[in-house]
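[1] heads up, no residue letters with this:
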């Protein structure tokens, strides 16, 4: 709906346009917490990594498809057409969602008794309640694993947005890539990261099956490996010559590392407290969103005088340092175990993680 109003707001006054865009951002801000609240009630604990991967890979696909279609629409029908088309699609999707979506299987009027019993078996009746119990805000805000997750999520976002917003400038200013081809080269690593994200989700859930590795070990391993790879290849990018193939390969591996780390940063909320996963996602993603502004701003400050290779190396060193710090913090203080304050009666999702978490 906001998208439909944007062209009129732009023609009326810049202040009105800014207000419209702020309202749009507020609407998008609740989507991730809402998704996690539903995922906790509509997915089996053993498959939550792949479920989150499939859902959130749609965000990146949507960005690429949206950018491609927007260009075509603007070229053939004028820039307002992009807002009208996507606005209509959003309205239709919202109507369909409101008809088909319910808070939990226990409140869905059209599923069979057999399916409802299935969800009760794999999730548990406590986690299927449509309304969660009273939120333990004090425990959430004082939980060491929650804040460790927030740090890791921030680091993951910093690396991702350094790749998404800064590398095209680096390729143009330092490597001399033409802007016409820059977009294509910049998109290739993120197209590959879609596949890596899905494969990582499958691998994480396979490793979490009983008799293999605990959720705690899997989350910390994926976080350390993913952020470590992203940091290392960001540093390497600063020393690459004008060989386009090597540049794209380094970007691909860095983006792949970010996708691997997301299996921790974007899923661990469901490990800590499924009934409160939406609120924990809201808290951790609010912290992580600072990187959306911070990464491009830091790059602008560090390259403000002259966009040289040495200055861009500082940009990549900073991003890499944040990746490494995020990995260390989560490995030391993070957790893949269900927290004691998550609820009082539900069983642990992962039998191998039934030991009480000392960090709480």
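    Done, it's in. Nothing here was measured: the structure is a model prediction, and the numbers come from that model.
[2] Now do the helices in the stretch 151-300 of the chain.
    Taking DSSP state H, counting those that start in this stretch, the helices of the stretch 151-300 of the chain run over residues 167-173, 179-208, 215-237, 244-265, 268-272, 277-302.
[3] Nearest to residue 309, out of those helices?
    Closest to residue 309 of these is helix 167-173 (C-beta to C-beta; 8.8 Å). Where you see a C-beta, it was placed from the backbone N, CA and C, and this is true even at glycine.
[4] how distant is that closest one from the center of its chain?
    With C-alpha atoms, centre = their mean, to the nearest Å as the basis, helix 167-173 stands 24 Å off its chain's centre.
[5] What distance do you get for residue 24 to residue 17?
    In this view, residue 24 and residue 17 are 11 Å apart by C-beta to C-beta, to the nearest Å.
[6] Residue 308 versus residue 175, what's the distance?
    12 Å.
[7] which residue is nearest the middle of the protein?
    residue 266 (5.4 Å; C-alpha atoms, centre = their mean).
[8] Verify the stated contact: that one with residue 57.
    No. Using C-beta atoms under 8 Å, residue 266 makes no contact with residue 57, being 10.5 Å away.
[9] In contact with residue 258, which residues are there?
    156, 159-160, 163, 193, 226, 230 (C-beta atoms under 8 Å, 6 or more residues apart in numbering).
[10] buried ones in stretch 10-25?
    For stretch 10-25, burial by neighbour count (16 or more other C-beta atoms under 10 Å) applies to 10, 17, 20.
[11] An error on my part: the question was meant for stretch 307-316.
    Across stretch 307-316, burial judged by 16+ other C-beta under 10 Å covers 307, 311-316.
[12] Show me the contact partners of that stretch.
    Here stretch 307-316 has contacts from 162, 166, 169-170, 173-174, 234-235, 237-239, 298-299, 302-303, 305, using C-beta under 8 Å, 6+ apart.
[13] can you list the weak-confidence ranges in the stretch 51-200 of the chain?
    Counting by pLDDT under 70, the ranges of the stretch 51-200 of the chain that qualify are 67, 125-132, 177-186.
[14] which intervals of the stretch 201-350 of the chain have sub-threshold pLDDT?
    242, 244, 344-350.
[15] Can you tell me how far residue 59 is from residue 28?
    Taken as C-beta to C-beta, the span from residue 59 to residue 28 is 10 Å.
[16] Please disregard the earlier target; I meant residue 99.
    Counting by C-beta to C-beta - residue 99 and residue 28 are separated by 22 Å.
[17] now swap in residue 98 and tell me
    Taking C-beta to C-beta, one finds residue 98 at 17 Å from residue 28.
[18] Equivalent analysis for residue 53, please.
    Counting by C-beta to C-beta, the gap from residue 53 to residue 28 is 20 Å.
[19] likewise residue 20?
    Taken as C-beta to C-beta, the span from residue 20 to residue 28 is 13 Å.
[20] same deal with residue 4?
    Here residue 4 is placed at a distance of 16 Å from residue 28 (C-beta to C-beta).
[21] cool, residue 124 as well?
    For residue 124 relative to residue 28 (C-beta to C-beta), the value is 31 Å.
[22] So those two - more neighbours on which side?
    Neighbours per residue, other C-beta atoms under 10 Å: of residue 124 and residue 28, the larger number sits with residue 124, 18 against 10.
[23] The residue nearest to the centre of the chain and residue 272: what is the separation?
    Applying C-beta to C-beta, the value for residue 266 to residue 272 is 13 Å.
[24] Likewise for residue 261?
    In terms of C-beta to C-beta, residue 261 sits 17 Å off from residue 272.
[25] the more surrounded of the two?
    Ranked by neighbour count (other C-beta under 10 Å), residue 261 and residue 272 place residue 261 first, with 31 against 25.
[26] My guess is the more buried one contacts residue 157. True?
    No. In terms of C-beta under 8 Å, residue 261 does not count as a neighbour of residue 157; the distance is 9.9 Å.
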